[in-house]
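*Asks:* Below are the sequence and a predicted model for it; my questions follow.
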Amino acid sequence: WPCHRCVARFPISFACPVPCAMAVQRDWLEVFPTALIHFLCVELVPVYVIGFYFYNLVVNDGSACFMQVVRREPGFGGRHINHLSDVELQLCVQHAFHSMLVSGQFKIDCKGSQGEAHVDLFDNPFEGNFSDLQALRMAIIGTWFTLAMCGLLVTYSLLCFAREGSWSFRSPAYLLFTWELEQRRTYRVLGFLLAGGIVGMVLHSLMVKSFAKTSMYSVDHVRFLKMQFDLAVVIYSVKLILYPGTPVHHWQHTPISHIRFKRHIVHIFSQSNDKLGAFLLDALWRANHGQMEALKYWLNDPQDAALFLLLANDQQEAEADEKIRFGLCDDFCGNPVSDSDTDEESIKLQKG
């Protein structure tokens with residue numbers, strides 16, 4: 001008697017046979033909250049990447065551009081920092097940018113080998129004339145907005161995860177939860193707001209490049225290419241949030257809740273649910289054409305392959321019927337193709 005079937009049949013643990021209960025204790029992947037670990041370490045990685053690269057884009061590349069401004073323009077304190085070397089000034093400006101993004105106050109305050117340097121520009125990005133250092137002020141506001149959207153997206157995702165209550169990363173419920181989360185209205189609104197901040201930074205980057213020809217801003221080609229690489233990583237991460245690569249199916253996990261997918265400990269940190277979904281959809285397509293080996297491979301108990309195929313086809317039929325009923329069906333809406341369907345089509349073609 002497979003252990004998961006025993007647990008599904010006897011919800012109370014002491015009602016299960018002794019060998020089954022012992023198997024549950026040995027399978028620690030079912031005991032620990034592996035779904036939460038996987039959700040934090042894999043599914044939310046695009047949000048972390050956006051925040052990390054966006055922050056470093058402003059601090060590293062922004063400080064490198066602004067360092068040249070400080071050197072060239074006496075009004076920005078050039079005469080007070082002439083005694084600093086390029087390395088010392090770069091470190092000072094980077095530290096000033098870090099402090100600026102935390103507190104909103106921007107000032108260069110550092111000690112060099114030849115003396116100290118103090119340059120105060122503003123206490124917050126809304127102080128004084130906004131047109132002065134406008135690009136710098138917009139960088140602060142844009143970074144704050146982007147990091148806030150990242151925080152809201154992570155918070156909302158974790159609240160939805162806690163409400164779902166699926167703690168095993170092998171369970172169909174966890175897989176279907178991530179599919180549905182990517183289609184929820186609040187999630188997508190936060191994602192599009194996050195994308196808006198990224199688009200603003202792209203426009204700002206292009207503006208800085210155009211200023212390099214006619215104004216005090218100077219960006220070398222290597223630095224500009226690095227900025228574009230960072231932006232490409234951020235934009236690709238936004239794409240993963242808004243447009244996942246796996247087709248979303250609105251299945252009900254209750255009929256298949258006792259089934260477990262084959263996922264090892266290394267998959268907690270390496271295999272996304274979108275990737276697993278792609279493998280499962282391919283395995284279901286093969287199984288509908290009589291090739292059950294792939295489906296058996298991706299199930300923790302290969303004996304569940306026939307049952308899972310039947311339940312998945314039922315779920316897909318129910319989803320297709322619901323789309324037809326509400327007029328949402330498109331060219332890709334329909335039931336999975338079975339052997340009988342292909343036989344009927346071949347007979348019609350022969351008759352024709």
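*Replies:* Nice, I can see it.

*Asks:* Can you classify L121 as helix, strand or coil?
*Replies:* Look at L121: counting by DSSP: H, G, I helix; E, B strand; the rest coil, its state is strand.

*Asks:* Verify the stated contact: it with D109.
*Replies:* No: when contacts are counted by Cβ atoms under 8 Å, L121 is not listed as touching D109 (11.2 Å). All C-beta spots, glycine's among them, are computed from the backbone N, C-alpha and C.

*Asks:* These two: who's more crowded?
*Replies:* Neighbour count, other Cβ atoms under 10 Å: between L121 and D109, L121 has more, with 20 against 13.

*Asks:* how close does the more buried one get to C150?
*Replies:* 27 Å (Cβ to Cβ, to the nearest Å).

*Asks:* try L240
*Replies:* L240 is 14 Å from C150, by Cβ to Cβ.

*Asks:* ok, now D86?
*Replies:* The gap separating D86 from C150 is 33 Å, by Cβ to Cβ.

*Asks:* okay, the two: which has more neighbours?
*Replies:* Taking neighbours as other Cβ under 10 Å, D86 and C150 compare with C150 leading, 23 against 9.

*Asks:* which stretch of helix or strand covers the residue nearest to the more buried one when sequence neighbours are not counted?
*Replies:* Among residues not flanking C150 along the chain, G51 sits closest, at 4.3 Å (Cβ to Cβ, 6 or more residues apart in numbering). According to DSSP states H and E, G51 maps onto helix 45-56.

*Asks:* Give me the below-cutoff pLDDT ranges for the stretch 251-352 of the chain.
*Replies:* Per-residue confidence of the stretch 251-352 of the chain (counting by pLDDT under 70) places the weak regions at 251-255, 319-352.

*Asks:* Let me fix that, I meant to ask about the stretch 51-200 of the chain.
*Replies:* Residue ranges of the stretch 51-200 of the chain with pLDDT under 70: 68-85, 112-117.

*Asks:* residue ranges of the strands in the stretch 51-200 of the chain, please?
*Replies:* Ranges of strands within the stretch 51-200 of the chain are 106-112, 115-122, based on DSSP state E, counting those that start in this stretch.

*Asks:* Partner strands of the first one and their direction?
*Replies:* Strand 106-112 has the following sheet partners, assigned by DSSP bridges: strand 115-122 (antiparallel).

*Asks:* returning to that earlier point: most tightly surrounded among the strands of the stretch 51-200 of the chain?
*Replies:* Scoring the strands of the stretch 51-200 of the chain by mean neighbour count under mean count of other Cβ atoms under 10 Å gives strand 106-112 as the most buried, with a mean of 17.

*Asks:* For F130, the count of nearby residues, please.
*Replies:* What F130 shows, counting by other Cβ under 10 Å, is a neighbour count of 11.

*Asks:* Skipping adjacent residues, who's closest to it in space?
*Replies:* Closest residue to F130 apart from its sequence neighbours, by Cβ to Cβ, 6+ apart: R137 at 6.2 Å.

*Asks:* what sits against the one you found?
*Replies:* Counting by Cβ atoms under 8 Å, 6 or more residues apart in numbering, R137 touches F122, P125, F126, F130.

*Asks:* Apply 10 Å and report the result again.
*Replies:* 100, 104, 106, 121-122, 124-131 (Cβ atoms under 10 Å, 6 or more residues apart in numbering).

*Asks:* now the residues you listed in CSV, with distance to Q90?
*Replies:* Putting the contacts of R137 into CSV (distance: Cβ to Cβ, whole Å) gives the following:
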residue, distance to Q90
M100, 15
G104, 22
F106, 16
L121, 17
F122, 21
N124, 24
P125, 22
F126, 27
E127, 26
G128, 26
N129, 28
F130, 27
S131, 27
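
*Asks:* Among those residues, pick out the one closest to F279, please.
*Replies:* Using Cβ to Cβ, M100 comes nearest to F279 of the contacts of R137, at 45.8 Å.

*Asks:* okay, now that closest one: neighbour count?
*Replies:* The burial count assigned to M100 is 26, neighbours taken as other Cβ under 10 Å.

*Asks:* out of the contacts of R137, who's nearest A162?
*Replies:* G104 (32.9 Å).

*Asks:* so what's the backbone phi/psi at that closest one?
*Replies:* Note on G104: backbone dihedrals following degrees, to the nearest 10 are phi 90, psi -10.

*Asks:* Isn't it up against A139?
*Replies:* No: the pair G104 and A139 does not pass the contact test of Cβ atoms under 10 Å, sitting 11.7 Å apart.

*Asks:* Residues that sit against both of those two, list them.
*Replies:* Where contact means Cβ under 10 Å, 6+ apart, the residues bridging G104 and A139 through contact with each are P125.

*Asks:* So these two - more neighbours on which side?
*Replies:* Here G104 and A139 are compared on neighbour count by other Cβ under 10 Å; more neighbours surround A139, at 25 against 17.
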